[in-house]
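**Student:** with the input below, show me the fold.
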Amino acid sequence: MSLLTKDSIALRALEPLDINLLLAVENNTDLWFVSESNLPLSKSILESYIENASQDIYEAKQFRFVIDFQGETAGLIDVFDFDPIGLKVGVGIVVLPRFRGKGISKEAITLLQQLATQTWQIHQMYAHISVDNSISLKAFTSCGFKEAGYLKDWKKWKGAFVDMRVLQWFSGL
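**Tutor:** Residues are numbered from 1 along each chain as shown. Prediction:
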């Protein structure tokens, strides 16, 4: 069951059938840079994660949505570091390779912005994006995110330090 829909995109909660998606995303070493992982996760750990994913955002301070595109699973969008007092939350997104270039990120971020403002009364969302990730930078800026900072040598990846851009979006609440 979808939580939110817009055009051909739907955001929904994780379900047990999403285990293969989680295994593929969480154990993709190319994505460890953004997730800050450094070890593979077992199927049983991820099944437990899915089982507990219904925990309220006010309690868990995070939530992961599955992005469906025209009835197919296309990726994930996460909120994390939820601050119900400061009314802010971090956001990250991954779209599976075969679904890229279809505007899915923009639609998913827009849906998340609607949910965050209408349901959680969020004042701001933020994202850290590597300076060389022009696709993510374009998706977030097309949704109203503005550059708020530049973090020099913020992450170490494959023996080199990488600069990050901090983007923020304000809801107007």
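**Student:** so residue 110 is in which element?
**Tutor:** helix 104-120 (DSSP states H and E).
**Student:** which stretches in the protein count as strands?
**Tutor:** Ranges of strands within the chain are 2-6, 9-13, 63-69, 72-83, 88-95, 124-130, 146-157, 160-170, based on DSSP state E.
**Student:** need the winner for burial among those.
**Tutor:** Among those, strand 63-69 has the highest mean neighbour count (mean count of other C-beta atoms under 10 Å), at a mean of 21. The way it works is simple: take the backbone N, C-alpha and C, and place the C-beta from them, glycine included.
**Student:** okay, now the closest residue in space to residue 47 that isn't next to it in sequence: neighbour count?
**Tutor:** Computed as C-beta to C-beta, 6 or more residues apart in numbering, the closest residue to residue 47 that is not its neighbour in sequence is residue 19, at 6.0 Å. When neighbours are defined as other C-beta atoms under 10 Å, residue 19 has 15 of them.
**Student:** quick one: pLDDT of residue 19?
**Tutor:** With respect to pLDDT, residue 19 has a value of 91.
**Student:** who are the neighbours in contact with it?
**Tutor:** Neighbouring residues of residue 19 by C-beta atoms under 8 Å, 6 or more residues apart in numbering: 43, 46-47, 50.
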